Structures are given as structure tokens and as C-alpha cells.
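Just the structure for this:
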Amino acid sequence: MATKKVKNITDQIKTYEDSCVYNKTQPLNEEELTRLGFTRKEIVGRMLESITKALNEGKEIDIHNREPRYYPYFRTNGSAAAFAFRYSYYGSTDASAASGSRFAYHESDISDYSGIQFLDLWREYIS
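Down below sits the predicted model:
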């Protein structure tokens, strides 16, 4: 009997829309949210939350029990064109105001993937 090969989560989540399918949610209605007064940064933040949830395969980060978590970090020379993924940072007891726990990942390679694959969204959110 052949076994079904399980896809790696990074094979499944290539876009924000993929994260919505994985999370069984509808994509945000950006036009409606803008009309209601949400900023582009707020909308992108919600998109990144969906992506983070999907890449973590729905598992929440336990911020109270020193569970390791990883964050994508970026570099820039002050220009949006020079914005680039730098590395993933590990933390278990603290969360900086720049990242918090809502954009944390269980594994450094998934954090790296998020920082590279979704660079344009991260640029919009952080810039």
C-alpha cells in the first residue's frame, strides 16, 4: 500500500490567498476595509497574521513557558528599495515591540521563508 506524501507547509503557502485557504477564511476585502478607515499598514498586518498562522500550521506560540520563537529581521539603508530579509532571530522570554508574538514562528527555517517569500508585505508593514 502506497503512503500519501504530506506536503511541506512552505509548498502549500506561497501567497496570502493560500494562507486563507489553509486557515479556512475569506481573503480580506481590502476595498471595504479602506472605505471603513483601515490603513494599508493595518490591512497588511492582518494579512501577515494570516500567513503566520498558516505557516505555523495553526499552532499558537506559548509566550508564557519560554517556548522558543523566531522572527524575521530585515535590513535597509533608509530606502524602501534597499529593504531586504537579513536573518531570523530567536527569542524565548522577551518580545520586542517591533515583532511581538503575533508574527513569531516555531522554526527558524519557516521564519526565514516568511521573510523571503513575503518580503513585499513585510516591507509595506515595516516601512
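
So in the chain, where's the weakest helix or strand by average pLDDT?
For the chain, the helix or strand with the lowest mean confidence is strand 84-91, at a mean of 67 (criterion: mean pLDDT, DSSP states H and E).

for the next helix or strand after that strand, packing partners?
Remark: after strand 84-91, the chain's next helix or strand is helix 108-117, criterion DSSP states H and E. Applying 3 or more C-beta pairs under 8 Å, 6 or more residues apart in numbering; DSSP states H and E, we find helix 108-117 packed against helix 9-12, helix 40-55, strand 69-75, strand 84-91. The C-beta positions use only the backbone N, C-alpha and C, and glycine is treated the same way.

any chance of these in CSV, plus mean neighbour count and distance to Ile63?
Converted to CSV, those look like this (neighbours: other C-beta atoms under 10 Å; distance: least, C-beta to C-beta, whole Å):
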stretch, mean neighbour count, distance to Ile63
helix 9-12, 13, 21
helix 40-55, 18, 14
strand 69-75, 20, 8
strand 84-91, 15, 10
